[in-house]
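Student: Need coordinates for the below:
(chains A and B, ligands or ions: 1)
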Amino acid sequence: MIDPSEHLVVDCDWHYADTFTQVAPYMPEPWKTKFQKSGWGGTGVKQNLSAFFPASTGNRFNYGKIEREFSEYPDGGDDKQDIVEGMDHLDIDVTLQISHLILAMGGISADDRRVEAFVEGYIDYMLEEVLDPDEGIYGLAPMPYHDIDASLDVLDRIEDEEAFVGVVMVTAGASPPLGNRKYDPIYERCEEEGYPVVYHTGGSGLDDYVRAGYQDMIETHTLGFLESNMSQIVSVACQGVAEKFPDLEIVFMESGVTYIPGLVSRINEEYLKRSEEAPLLEKKPGDYITDFYFGTQPLEVSARPDLLEVCFDMIGTDRMLYASDYPHWDFDSPSVITDLPMLSDEDRKNILGQNAVEVFDL
Amino acid sequence: MSAETRVEVGPAADFEDGDAELVQVGRAEVGVIKADGKFYALRNQCPHDGGPVCEGKVEPRLVGEWGGPGERVEQEYDDDQCIISCPWHGWSFDIETGKHIGDDRYVLPTYEVVVEDGVVYVNAE
Ligand code: FES
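Tutor: Numbers count the residues shown, from 1 in each chain, chains lettered A, B, ... in the order given. Below is the predicted model:
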């Protein structure tokens, strides 16, 4: 045996547990100030460390400008009381809860059970501790759509639970895109159960698009959520999901509304030239799209009023669903809808609540 | 300026840099803010969605300068330009003019502030 003290010893991998508190004071300006104001809070490796080294889309806290709690995703997490308080603050009577963590599922390419294991736990947790139809707190069940059988198991699990009123398909990172026949069994079952399918953007998988290398969140947040929804809308429309499952309600969430007329115009133009590539369609793909429902948030309230009017007109006020996205940094309060001058009171009421009552059978 | 058109805010000595005090001026809620040794008053109602903008952060504006083709944009805080940012979604306004720093069509109404005998007043007109 040799005595290490008498020989050369090389450790090739020591990890110094540096904290941002230690390092930030030594950073050059303006990064030092930007970061110190970025709301990173504590130190160490946790979610809000992404304020400086973003995993994907940068600093939601906007370098400390946005002071609402949760904007920077603290470690704590919500509980039912936070929902009750938030509903009260925004004047919301009924809320459909969407899992925040599941939005990253598109980034997982490993063939393991982590997404379904998470969903299983999430559903039991929400049923046990959060959802409460008597107080207007309902949930949408995430679909672990990588695995169709696992998704059908989730549908079995929630079948008799009044608190779940639909399912969520995360649009970011879904591959193949969600119009593929692979997903038909999920759609078939949802149609049968009367569960609307809510397609929801997410922050994962974004860097697979050509914008990898963007520098700031203003860039990725302009296009990221939009592109992941647009790519699924095109797939769902062209592959004829609405023809195969005519009673299925299709909802797209969280990309605002101004992109829809442009997308409809483009897809219809393509269809005139290449109709044979979408043989299931009985009408122009854009006509299916404007039959989908759309969450309004984040509504582009600063757009030219006449543009917004055209968008509302093309989508139809009977197809729009108010969504807050609270407590995220870019949430919309109901006044975003009530203050729109071009709407009638009837339209406002429909967008704020009546349409959702019908779609989700509340 | 007659006494009736003024709203008394309080002793100037009570304000530290960055402090804001809310007062009612007619029908409007107004934030009186001390920044960089000077007083400013702005309507506390964000043109975006009505957020309490005067409760937001007051800080120098981050500006960038381009050195030429292929150069990085050098960013720095400009101590001569002070902005206030709405805590709800982050719209930022020049504290002096009330104009949104990205689109000057959005303007927070500003009010004149006077300090007399150590007391801060907002001109209600
Ligand atoms: S209400 Fe002020 S930024 Fe939205």
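
Student: What ranges in the stretch 1-150 of chain A fall below the confidence cut-off?
Tutor: A:39-52, A:54-58, A:68-76 (pLDDT under 70).

Student: Right, and the ligand sits closest to which residue of it?
Tutor: A:I66 (8.4 Å; Cβ to the nearest ligand atom). To be clear about C-beta, it is placed using only N, CA and C from the backbone, and glycine gets the same treatment.

Student: residue ranges of the strands in the stretch 201-350 of chain A, please?
Tutor: Here the stretch 201-350 of chain A has its strands, by DSSP state E, counting those that start in this stretch, at A:250-253, A:293-295, A:320-321.

Student: The residue of the stretch 1-150 of chain A closest to the ligand - how many residues pack around it?
Tutor: Per other Cβ atoms under 10 Å in any protein chain shown, the neighbour tally for A:I66 reads 23.

Student: do the same with B:E116
Tutor: Neighbour number of B:E116 under other Cβ under 10 Å is 11.

Student: same thing with A:H15?
Tutor: A:H15 has 5 nearby residues by other Cβ under 10 Å.

Student: That one in helix, strand or coil?
Tutor: Recorded secondary structure, A:H15: coil (DSSP: H, G, I helix; E, B strand; the rest coil).

Student: For it, give its distance to B:V119.
Tutor: Between A:H15 and B:V119 the computed distance is 58 Å (Cβ to Cβ, to the nearest Å).

Student: what does A:L103 give?
Tutor: 53 Å.

Student: Next: A:N180.
Tutor: Counting by Cβ to Cβ, the gap from A:N180 to B:V119 is 71 Å.

Student: now do A:F312
Tutor: Distance from A:F312 to B:V119, by Cβ to Cβ: 51 Å.

Student: who's more crowded, those two?
Tutor: Between A:F312 and B:V119, A:F312 has the larger neighbour count (other Cβ under 10 Å), namely 21 against 14.

Student: ok, that one - contacts?
Tutor: A:F312 sits next to A:V257, A:M320, A:M342, A:L343, A:D347 when contact means Cβ atoms under 8 Å, 6 or more residues apart in numbering or on different chains.

Student: Give me the pLDDT value at it.
Tutor: pLDDT recorded at A:F312 is 97.

Student: can you check B:D103 too?
Tutor: pLDDT, B:D103: 93.

Student: If I follow the layout properly, it ends up in contact with A:S302?
Tutor: Yes: at 7.4 Å, B:D103 and A:S302 qualify as touching, with contact defined as Cβ atoms under 8 Å.

Student: Tell me which of these two has more neighbours.
Tutor: Between B:D103 and A:S302, counted using other Cβ under 10 Å, A:S302 has the larger neighbour count: 14 against 10.

Student: Look at the residue nearest to A:K284 when sequence neighbours are not counted and say how many residues are nearby.
Tutor: Among residues not flanking A:K284 along the chain, A:N268 sits closest, at 4.8 Å (Cβ to Cβ, 6 or more residues apart in numbering or on different chains). Applying other Cβ under 10 Å, we find 15 residues neighbouring A:N268.

Student: same question, A:P305
Tutor: Count around A:P305 with other Cβ under 10 Å applied: 11.

Student: Can you check the pLDDT for it?
Tutor: 93.

Student: show me the contacts for it.
Tutor: Contacts of A:P305 by Cβ under 8 Å, 6+ apart are A:P341, A:M342.

Student: One more: B:A124?
Tutor: B:E4, B:T5, B:R6, B:V7, B:V25, B:G26, B:Y111 are the contacts of B:A124 under Cβ under 8 Å, 6+ apart.

Student: Flag the least confident of those.
Tutor: For the contacts of B:A124, the pLDDT minimum is B:E4, 61.

Student: Quick one: check the helix or strand containing A:D82 for contact with the ligand.
Tutor: If you go by DSSP states H and E, A:D82 is part of helix A:80-90. No: Helix A:80-90 stays clear of the ligand (Cβ under 6 Å from any ligand atom), getting no nearer than 12.6 Å.

Student: and that helix, what does it pack onto?
Tutor: strand A:95-97, strand A:137-142 (3 or more Cβ pairs under 8 Å, 6 or more residues apart in numbering or on different chains; DSSP states H and E).

Student: What residues of it count as buried?
Tutor: A:I83, A:G86, A:M87, A:L90 (16 or more other Cβ atoms under 10 Å in any protein chain shown).
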